[in-house]
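S.K.: show me the folded form of this:
(one chain, ligands or ions: 1)
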Amino acid sequence: MSADQRGPLAGLRVLEVAGIGPGPFCGMLLADLGADVVVVERIEAEAQGRGPQAIFNRGKRSVVVDLKKPEGVEAVLSLAAQCDALIEGMRPGVMERLGLGPDVCIGRNPRLVYGRMTGWGQTGPLAPVAGHDLNYIALSGALWYSGQPGTPPLAPPTLIGDIGGGALYLAIGLLSAVMSARATGRGQIVDAAIVDGSAHMLNLILGLRPSGQLVSERGASLLDGPHWYSTYRCADGHFISVGSLEPKFYQLLLTKLGLAGDPSFANGYQRRTWPELRAKFSELFAQRTRAEWCALLEGTDACFAPVLTPEEASVHPHMAERGVYSNADGVLQTSPAPRFSETPAATPRPMRREPDVSAVLQRWTSR
Ligand SMILES: CC(=O)SCCNC(=O)CCNC(=O)[C@H](O)C(C)(C)COP(=O)(O)OP(=O)(O)OC[C@H]1O[C@@H](n2cnc3c(N)ncnc32)[C@H](O)[C@@H]1OP(=O)(O)O
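M.R.: Model prediction:
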């Protein structure tokens, strides 16, 4: 184990076949927490610069291998034989065609956890076709919930599908299967599909259906309709958020806004009042700048926060004190999460390219 592999996953060896989006993000998460992640890059892989790879490949090492050559496939099999987990995110069937399918890899290493990251999953009528985050969450039911009446659904770019429903579910799947392999000596395949993960994430809000707090009509549910759970534009064009879900916090918000005595807000929990009260809030919040609303509401129990850009977030006193963002190597990025009291993660360093596969094998077989 090298000195920079610090964190709760130190000693875990992961082989990542280079892909796009959720697979590499999962590899970054594991590397952030101390795993030794080696990426199998394509021959034409760009040199690591300040592109997107600079962040999601941080903390990893890489080797360039041509998987279209038998010796390249054999080299990757020799790495698979020495690691705990493998991540691949190609179209179903591609790894098998290359001679690197789960049967072959687990045949070489019975304890291997073989992680497969896709949008549609390994099975089902859509499994073989191309798609991206937005398509996967649209099909899963997770996209439907976003948006206001009369507007098309809006999803935070790739956060719900690629990251929430994809990379994070792959990570928990891999770590669960590694725990199981350590107990039983048997590895297995983890089929992490964004349609499964993003649908699974819906369970929290699906729980609101029986009570009628989640309904099919846009803008009429507990978390997309009320004026007290929304974002608003301020006088300077910036935005703020209020999320005063509980009556005592709503009352405080009204008091702070000077609306406690206004009878129209007294029934603010009744759905029929929401469109009118939302319009009133919009008018009110448009009268002052974001900074003025922060001065009035931030740091109180009114459940308020300004909507910040990542650059602004990085210097906000709360975020800065916790060191959530860093500017490592001149690239704005966020720090490893979550935090561990006994095995803190190391500060991520840029990916380093190994001269060849034998350099990795030497490290992986020397301990
Ligand atoms: C913004 C987002 O939503 S990101 C999430 C995108 N979706 C996914 O990742 C889901 C799973 N992946 C996929 O469905 C597909 O990989 C897609 C749609 C992303 C891309 O499709 P394609 O570009 O057609 O790639 P596909 O995965 O089918 O094949 C990869 C090719 O690269 C080749 N390849 C991969 N690594 C190497 C290597 N190191 N050396 C040589 N060839 C390589 C494979 O052999 C394969 O070529 P082949 O079909 O000739 O055998």
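S.K.: near the ligand, which residues of the stretch 101-250 of the chain are found?
M.R.: Neighbours of the ligand within the stretch 101-250 of the chain, by Cβ under 6 Å from any ligand atom: 118, 119, 130, 132, 133, 158, 162. The way it works is simple: take the backbone N, C-alpha and C, and place the C-beta from them, glycine included.
S.K.: where's the residue in the chain positioned nearest to the ligand relative to residue 33, distance?
M.R.: Closest residue of the chain to the ligand, Cβ to the nearest ligand atom: residue 21 (2.8 Å). From residue 21 across to residue 33, the span is 20 Å (Cβ to Cβ, to the nearest Å).
S.K.: if we can go back for a sec, could you check how far the residue of the chain closest to the ligand is from residue 137?
M.R.: In terms of Cβ to Cβ, residue 21 sits 13 Å off from residue 137.
S.K.: not counting its neighbours along the chain, what's nearest residue 5?
M.R.: Leaving aside its chain neighbours, residue 5 sits nearest to residue 34 (5.2 Å; criterion: Cβ to Cβ, 6 or more residues apart in numbering).
S.K.: ok but that neighbour is inside a strand, no?
M.R.: No. Residue 34 sits outside any strand when classified using DSSP: H, G, I helix; E, B strand; the rest coil, being coil.
S.K.: that one and residue 60 touch, don't they?
M.R.: No. If you go by Cβ atoms under 8 Å, residue 34 and residue 60 don't touch, sitting 12.0 Å apart.
S.K.: helices or strands up against the biggest helix by length in the chain?
M.R.: As assigned by DSSP state H, the longest helix anywhere in the chain is helix 168-184. When contacts are defined as 3 or more Cβ pairs under 8 Å, 6 or more residues apart in numbering; DSSP states H and E, helix 168-184 packs onto helix 22-32, strand 85-88, strand 113-118, strand 188-193, helix 194-200.
S.K.: which residues does residue 307 contact?
M.R.: Residue 307 makes contacts with 231, 238, 239, 240, 241, 290, as judged by Cβ atoms under 8 Å, 6 or more residues apart in numbering.
S.K.: show me what it is bridged to.
M.R.: residue 239 (DSSP bridges).
S.K.: just the pLDDT at it, thanks.
M.R.: Listed pLDDT for residue 307 reads 98.
S.K.: please apply the same query to residue 53.
M.R.: On the pLDDT scale, residue 53 is placed at 78.
S.K.: can you get me a residue count around it?
M.R.: Residues within reach of residue 53, counting by other Cβ atoms under 10 Å, total 22.
S.K.: so it makes contact with residue 351?
M.R.: Yes. In this structure, residue 53 is within contact of residue 351 by Cβ under 8 Å, at 7.4 Å.
S.K.: now do the contacts for residue 286.
M.R.: Contacts for residue 286 were tallied using Cβ under 8 Å, 6+ apart; they are 232, 233, 234, 235.
S.K.: what about the residue nearest to residue 5, distance to residue 170?
M.R.: From residue 34 to residue 170 the distance is 18 Å (Cβ to Cβ).
S.K.: between those two, which one's more packed in?
M.R.: Ranked by neighbour count (other Cβ under 10 Å), residue 34 and residue 170 place residue 170 first, with 30 against 24.
S.K.: tell me the contacts of that one?
M.R.: By Cβ under 8 Å, 6+ apart, the residues touching residue 170 are 22, 23, 26, 87, 115, 117, 190, 192.
S.K.: and the residue nearest to residue 182 when sequence neighbours are not counted, helix, strand or coil?
M.R.: Nearest residue to residue 182 in three dimensions, chain neighbours excluded: residue 111, at 8.0 Å (Cβ to Cβ, 6+ apart). Look at residue 111: counting by three-state DSSP, its state is coil.
S.K.: give me every residue that touches residue 117.
M.R.: With Cβ under 8 Å, 6+ apart, residue 117 has these contacts: 19, 22, 23, 26, 87, 88, 89, 166, 167, 170, 192.
S.K.: ok, now with 6 Å
M.R.: If you count contacts by Cβ atoms under 6 Å, 6 or more residues apart in numbering, residue 117 has them with 22, 23, 89, 170, 192.
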